[in-house]
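Student: here is my input, please return the structure:
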Amino acid sequence: MSQDSASHEVPAAALNLVRGLLSDATAMARSGLASSADIDTAMRLGAGHPIGPLAFLRGLAPEVRARHDLAEPPAGNTGGDRTEEGHEAGVWTHPVGIAGTGTMASGITEAMVRAGVPTVVLARSRGSADRLVAAVTRSMDAAVAKSRLAASDRDGALSLLGTTTRPDDLAGCGHVIEAVAEHRDTKKELLARLDEALPAATVLATNTSSLTVGEIRADLPERRTVIALHFFNPAKAMKLVEVVGAGQDTTVLDTACAWVRRIGKVPVRCGDERGFVVNRLLIPYLNDAVRALDSGAFTVAEADALMRRALGHPMGPFELIDLIGTDVTAAAQSMLYEASGDPRLEPADGLLRLVAEGRLGRKSGTGFHDHTTPSSRSTA
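Tutor: Numbers count the residues shown, from 1 in each chain. This next block holds a predicted model:
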């Protein structure tokens, strides 16, 4: 959504497609789940929209909002945006632990060491630890080759990286970020192991994107502080970090936001509901697009071109689903539906059909588009 599209007449088809997202953003701000400012920041930095949904709504003429049954958005900063408040006196300066060795763990690790933070990675095996170090090294070598990083800075960053296969080796870390597979039981089991091995003062953080802090920490003792620090992929480049707590002292979250700023990222605060801000708004929007496609409202190519041209989105909905993966999108949608029971959030038939056919998006070669040739063509 661009500022130009908010200040000029937007095609009705584009507004119809994004109407659910705009309504969800308004409801989110009014509920107090997140402030208007944080919602807009999250969608700009996390989804790449040139303007946040609430700022976009405020730019629409009242008669246009009325025509599309869009409520007047809350005033800016509703809910008390706290992300810019200064809590630097208590900001974390200790080493950081990362639990996991996959894509997200590697990205977060690289972001940490490039920000000058001593980092210890907990791996299942020495082999997986070595693969993570190799992945981080390759990524920084590529940055050096493109003159985006000095060789001396790469070497200094790598000197800050350590690995271990023993949870108690993370005892010197003030907080530990788990970044393992997005499965509730996997995350809960890992946090239980960390809780047993680490001092009571160590803050545990989850990088979940679709579960809640409350359900992940449900079996841990009350004394243990658990928050979400949700980084976005690729973590080395994406600036946004969603900061979430479940009944935690707000001082912990204030301090976490200050730490996020210290490592060069931008924090947004939100309540502990599945999807937080970005996924709670983006995933249902993608589901709405699939339902509209199933109804024959447009073709894949038409919808993608419309969203890029009329609203300035970096990708159309079907391009984005293929990037995320139809299976990952459907799983995220199922989690939102499971939590709410809202029929609108049930995964669309067209999405489930592609998953069943093995058309998972870019990673499988086909999804809504054909990715087997340089000039991708829609297949749905």
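Student: C-alpha from now on. contacts and neighbour counts both.
Tutor: Will do.
Student: low-confidence regions, the stretch 51-200 of the chain specifically.
Tutor: For the stretch 51-200 of the chain, the stretches flagged by pLDDT under 70 are 76-91.
Student: same check on the stretch 251-380 of the chain?
Tutor: 374-380.
Student: just the helices in it please.
Tutor: 278-294, 300-311, 317-324, 326-340, 349-356 (DSSP state H, counting those that start in this stretch).
Student: quick one: work out the angle between the second one and helix 317-324.
Tutor: For helix 300-311 and helix 317-324, the angle between their directions (axes from the mean of the first three to the mean of the last three Cα atoms, to 10 degrees) works out to 100 degrees.
Student: and what of the longest one?
Tutor: Comparing the axes of helix 278-294 and helix 317-324 via the same axes, to 10 degrees yields an angle of 120 degrees.
Student: list the helices and strands helix 278-294 packs on?
Tutor: When contacts are defined as 3 or more Cα pairs under 8 Å, 6 or more residues apart in numbering; DSSP states H and E, helix 278-294 sits against helix 12-31, helix 36-47, helix 317-324, helix 326-340, helix 349-356.
Student: kindly report the same for the fourth one.
Tutor: Packing partners of helix 326-340 (3+ Cα pairs under 8 Å, 6+ apart): helix 278-294, helix 349-356.
Student: and among the ones you listed, the most buried is which?
Tutor: Comparing the helices and strands packed on helix 326-340 by mean neighbour count (mean count of other Cα atoms under 10 Å), helix 278-294 comes out on top with a mean of 22.
Student: can you tell me the closest non-neighbouring residue to the residue most central in space within the chain?
Tutor: With distances taken as Cα atoms, centre = their mean, Phe232 lies nearest the centre of the chain, 4.4 Å away. Distance criterion Cα to Cα, 6 or more residues apart in numbering; nearest residue to Phe232, sequence neighbours excluded, is Met238 at 5.9 Å.
Student: who are the neighbours in contact with that neighbour?
Tutor: Residues near Met238 by Cα atoms under 8 Å, 6 or more residues apart in numbering: Leu45, Gly46, Phe231, Phe232, Lys265.
Student: which residue is the nearest non-sequential neighbour of the last one?
Tutor: Setting aside the residues directly before and after it, Lys265 is nearest to Lys239 in space (Cα to Cα, 6+ apart), at 4.6 Å.
Student: show me what contacts that neighbour?
Tutor: By Cα under 8 Å, 6+ apart, Lys239 lies in contact with Leu45, Gly46, Phe232, Gly264, Lys265, Val266.
Student: so the third one touches Val241, yeah?
Tutor: Yes: Phe232 sits in contact with Val241 when judged by Cα atoms under 8 Å, with a separation of 6.9 Å.
Student: okay, and the common contacts of those two?
Tutor: Common neighbours of Phe232 and Val241 (Cα under 8 Å, 6+ apart) do not exist.
Student: tally of neighbours for Ala142?
Tutor: 13 (other Cα atoms under 10 Å).
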